[in-house]
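# Just to be clear, the model below is a prediction. Sequence and coordinates:
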Amino acid sequence: MAEVVILENEHSAGDLAASYILAAIAEHPDVVLGLATGSSPASTYAALTRRVRAEGTDVSGVRGFALDEYVGLPAEHPESYREVIRREVIQPIGLDPARIHVPNGDIATIAEASGAFEQAIAEAGGVEIQLLGIGASGHIGFNEPGSSLASVTRVKTLTEKTRNDNARFFDRLDDVPTHCITQGIGTILRARRLILLAFGEGKAHALAAAVEGPVSASIPASAIQLHPHVTVIVDEAAASHLQHHAYYRHAWQNQPDWAVRLG
C-alpha cells in the first residue's frame, strides 16, 4: 500500500513534497529529479523556489529529466514542455539548464529520440525522486489508458480528450500537436521514489482507482502500486473517494518517533 498523506490544501502538500526533495539534495547535491509539468506540481515548485532562496540551498548540481514533450512543436514555443520547464522550474528555482533534460520532440530526429532519452537517464544513474501528477482519466505523463505497464520512453498519439483538455493553452485546437514523446510507465517505475500529487474533486475518482483499485492498463497511474517507495500527497477534495482515508490519516498522524518525517 502506498503512503497516502491527506493535507488541508495544495500549499501544504507542495511544502511537504519540497521537504522530501530538499532532503535528497542535502544528501546528494547532484541528485536526479524527475520533473512533471501541469498544475499538480506547481505548488511544489513554488515551495522549492521559496525555500531554496530563503535557506540559501545550493542547487547548482541538481540534475533533472522531464516526463514528456510534444512532437513537432518548436522548442521555443511557449507551450513546449522544454519552455515550460525553463520558465516554471529552472529559472525560479535556479537550476543549471545544462543539467535538465527534456525529451526531444524534433521530427527530424524523432526516430532516435526515445532511445537517446532512456540512455541519458541510465547514464545519469537513474532518477532518485519522480514527481507525478494524475489525469482525470488516470494517466501519468502522456501514458493514456491502455498503455503498457512495461512501456519505456516512446512516441504516442494523444487522445482527442487530451488534445481538447490542452487546447486552453493554445490559440486553437488545431494548434495542439497530435503526437508526443513520453517516458513510459516502466521508465517511471525505475525511479527510486515516486511522489504523486493530486488536488481537487476532479481528480478524486482517478486517484481512488489508482491507489485502491486493481492494477490495470486502463488506469495507468495504478502502476504506482507496483513500486516499493511511493508517497501520494493530496488535498481533502482529491481524497474524497478514498475508501481507507481514515487509515491514511491515522498512519500519518501516528508515525513512530524513529520514522523519518518531514514537513
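Arrived safely.
# moving C-terminal of the helix-or-strand element of the chain with minimal mean pLDDT, what's the next helix or strand?
Across the helices and strands of the chain, mean pLDDT, DSSP states H and E gives its lowest value to helix 160-166, namely a mean of 89. Counting by DSSP states H and E, the next helix or strand C-terminal to helix 160-166 is strand 179-182.
# Tell me the secondary structure at Val5.
When classified by DSSP: H, G, I helix; E, B strand; the rest coil, Val5 comes out as strand.
# Tell me how far it lies from His250.
12 Å (C-beta to C-beta, to the nearest Å). C-betas here are computed from N, CA, C, even on glycine.
# swap in Asp106?
Taking C-beta to C-beta, one finds Asp106 at 50 Å from His250.
# Which one's more surrounded, the two?
Asp106 (15 against 10; other C-beta atoms under 10 Å).
# For the more buried one, which residues are in contact?
75, 113 (C-beta atoms under 8 Å, 6 or more residues apart in numbering).
# how close does it get to Glu112?
For Asp106, the distance to Glu112 - C-beta to C-beta - is 10 Å.
# repeat for Gly126
From Gly126 to Glu112 the distance is 21 Å (C-beta to C-beta).
# Likewise for Ser216?
For Ser216, the distance to Glu112 - C-beta to C-beta - is 32 Å.
# Counting neighbours, go ahead and name the busier of the two.
Ser216 (15 against 11).
# Show me the beta-bridge partners of the more buried one.
Beta-bridge pairing for Ser216 (DSSP bridges): Ile219.
# on that earlier part again, only the buried residues of the least confident helix or strand of the chain, if you could.
162-163, 166 (16 or more other C-beta atoms under 10 Å).
# could those be laid out in a markdown table, adding distance to Ala208?
Below are the buried residues of helix 160-166 laid out as a markdown table (distance: C-beta to C-beta, whole Å):
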| residue | distance to Ala208 |
| --- | --- |
| Thr162 | 21 |
| Arg163 | 26 |
| Asn166 | 24 |
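# Looking at the residues you listed, which one is closest to Thr37?
Asn166 (10.8 Å; C-beta to C-beta).
# Leu173 is in contact with the closest one, correct?
No: look at Asn166 against Leu173 with C-beta atoms under 8 Å: they stay out of range, at 9.1 Å.
# Wasn't Thr187 part of a helix?
Yes: the assignment for Thr187 (three-state DSSP) places it in a helix.
# mind checking the SS state of the spatially closest residue to it that is not a sequence neighbour?
In this structure, Thr187 finds its nearest non-sequential neighbour in Val152, 5.1 Å apart by C-beta to C-beta, 6 or more residues apart in numbering. Secondary structure, three-state DSSP: Val152 is coil.
# And Val152, what's its pLDDT?
The score at Val152 is 98. That number is its pLDDT.
# What distance do you get for it to Glu3?
Counting by C-beta to C-beta - Val152 and Glu3 are separated by 26 Å.
# Pick out whichever of the two has more residues nearby.
A count of neighbours by other C-beta under 10 Å puts Val152 above the other of Val152 and Glu3, at 18 against 14.
# got the contact list for Ile121?
When contacts are counted by C-beta under 8 Å, 6+ apart, Ile121 touches 32, 65, 127, 187, 190.
# closest to Ala221 among these?
Thr187 (14.3 Å).
# which residues does that closest one contact?
Contacts of Thr187 by C-beta under 8 Å, 6+ apart are 118, 121, 151-153.
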